[in-house]
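J.: Just a sequence and a predicted model for now, questions to come.
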Amino acid sequence: MKVSLINCTAEARELLIFTKKTRLAMSSTSFDDIRKMSDEEKDKELRYVFGTIGSSWEFVDYVFMIEGVTRAFTHQLVRHRVGVSFAQQAQRVVDFSGGKGFEYLTTGKIATDKVLKSFYDECMDRIQRTYSILVGSSKDYENVGGAAPQDARGILPTNILTNICMKINLRSLSHLLNVRLCKKAQGEFQDVAKELLAKTLEIHPWASPVLRVHCAQHGSCLFPGYEECPVRGYIPKVDKDVIQEAWSYVHHEAQPKGDGGFLREYKE
Ligand SMILES: Cc1cc2nc3c(=O)[nH]c(=O)nc-3n(C[C@H](O)[C@H](O)[C@H](O)COP(=O)(O)OP(=O)(O)OC[C@H]3O[C@@H](n4cnc5c(N)ncnc54)[C@H](O)[C@@H]3O)c2cc1C
């Protein structure tokens with residue numbers, strides 16, 4: 001997986017301050033006044049910007065290229081609807097039978113258990129071979145095939161690797177990191193969220209107060225019913241910075257498993 005920050009709003013810090021100073025007369029010359037502020041003055045203004053309603057955060061955009069991630073991940077990513085735009089590599093068009101074929105990710109216990117991994121890889125190999133037969137590029141079945149990639153893709157696995165481009169504003173990025181840096185999120189999403197955070201802080205370190213896991217930013221838990229969370233015990237008893245430190249030390253990924261829902265009673 002690779003995350004690159006390929007574009008972002010220029011003079012972001014000044015723009016945040018400018019769009020929050022709505023009680024003062026707004027004009028292009030007042031933007032020049034903000035440019036002339038010292039770093040200390042700008043930091044003071046930013047404390048106000050980040051301590052109140054986040055409408056001005058919407059003026060700052062980031063464009064990320066996220067490569068080598070699963071469709072399972074991108075399916076969850078595109079659930080974020082507000083202040084976010086996406087462009088994703090098309091499975092309708094790309095023929096995955098050429099070269100090495102499709103790539104996929106192996107996660108959790110399957111990645112570390114040799115027996116499970118061999119079943120998993122064998123299944124992926126079979127999918128690859130069948131896909132090639134469907135689109136007509138299998139050397140073993142020369143007279144069969146002709147299916148369009150958009151139809152053959154029906155058998156491709158959820159963990160096939162893909163690339164996605166995302167534009168997101170600072171307010172939405174704050175919200176996304178709040179929920180996806182959470183230990184309750186899937187491990188792959190947590191990994192991408194950490195990279196989004198690192199790449200943003202490289203150029204905008206002053207944005208760190210609003211780019212945190214929810215509990216370390218707001219002092220409350222989003223999933224109080226999730227008792228396995230290793231950070232949960234710190235909330236809301238201790239300072240938010242201590243929660244942040246506790247969060248950064250432990251690796252944990254929730255392992256949700258359905259209980260059969262309304263069919264449960266028939267199992268008993
Ligand atoms: C740990 C975890 C587990 C999850 N499990 C599931 C699951 O099992 N099933 C599932 O379907 N999803 C699941 N999700 C996805 C989740 O339900 C959200 O779809 C996703 O996190 C995007 O959040 P959002 O809607 O707040 O973000 P956005 O779509 O970006 O919206 C941002 C904010 O805008 C406001 N908003 C957006 N649209 C509306 C609207 N139509 N009306 C009113 N206000 C709106 C809300 O305040 C919202 O928080 C899970 C997410 C996490 C983090």
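T.: On my side now, so go ahead. Numbering: from 1, shown residues only.

J.: what's the nearest residue to H252 if we skip its chain neighbours?
T.: Ranked by C-beta to C-beta, 6 or more residues apart in numbering and with sequence neighbours excluded, the top spatial neighbour of H252 is K183, at 4.3 Å. Just so you know, the C-beta spots here come from the backbone N, C-alpha and C atoms, and that holds for glycine as well.

J.: Would you agree that neighbour is in contact with I235?
T.: No: look at K183 against I235 with C-beta atoms under 8 Å: they stay out of range, at 11.8 Å.

J.: What residues does the stretch 1-150 of the chain have near the ligand?
T.: 79-82 (C-beta under 6 Å from any ligand atom).

J.: from those, which would you call buried?
T.: With burial judged by 16 or more other C-beta atoms under 10 Å, the buried subset of those is H80.

J.: Secondary structure, distance to I168 and pLDDT added to the residues of the stretch 1-150 of the chain next to the ligand, as JSON lines?
T.: Below are those laid out as JSON lines (DSSP: H, G, I helix; E, B strand; the rest coil; distance: C-beta to C-beta, whole Å; pLDDT from 0 to 100):
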{"residue": "R79", "secondary structure": "coil", "distance to I168": "13", "pLDDT": "98"}
{"residue": "H80", "secondary structure": "coil", "distance to I168": "8", "pLDDT": "98"}
{"residue": "R81", "secondary structure": "coil", "distance to I168": "11", "pLDDT": "96"}
{"residue": "V82", "secondary structure": "coil", "distance to I168": "10", "pLDDT": "98"}
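
J.: export the residues of the stretch 1-150 of the chain next to the ligand to TSV and tack on distance to A72?
T.: Conversion of these to TSV gives the following (distance: C-beta to C-beta, whole Å):
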residue	distance to A72
R79	12
H80	15
R81	19
V82	22
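
J.: Mind giving me the packing neighbours of the host helix or strand of H175?
T.: Secondary structure assignment for H175, by DSSP states H and E: helix 170-180. Helix 170-180 sits against strand 61-70, helix 187-203, helix 214-218, with contacts defined as 3 or more C-beta pairs under 8 Å, 6 or more residues apart in numbering; DSSP states H and E.

J.: repeat that with 6 Å
T.: helix 187-203 (3 or more C-beta pairs under 6 Å, 6 or more residues apart in numbering; DSSP states H and E).

J.: neighbouring contacts of the helix it packs on?
T.: If you take C-beta atoms under 6 Å, 6 or more residues apart in numbering as the criterion, helix 187-203 is touched by 3, 5, 73, 76, 177, 180-181, 208, 211, 253.

J.: Show the buried residues in these.
T.: Counted by 16+ other C-beta under 10 Å, the contacts of helix 187-203 give 3, 5, 73, 76, 177, 180-181, 211 as buried.

J.: biggest separation within those residues, which pair?
T.: L5 and Q76 (20.6 Å; C-beta to C-beta).

J.: Report the rounded mean pLDDT for the longest helix along the chain.
T.: In the chain, with assignment by DSSP state H, the single longest helix is helix 114-135. For helix 114-135, the mean pLDDT works out to 97.

J.: C-terminal to it, what's the next element?
T.: helix 149-152.

J.: So which residues on the stretch 151-268 of the chain come close to the ligand?
T.: Residues of the stretch 151-268 of the chain lying near the ligand (C-beta under 6 Å from any ligand atom): 172, 175, 179-180, 182, 184-185.
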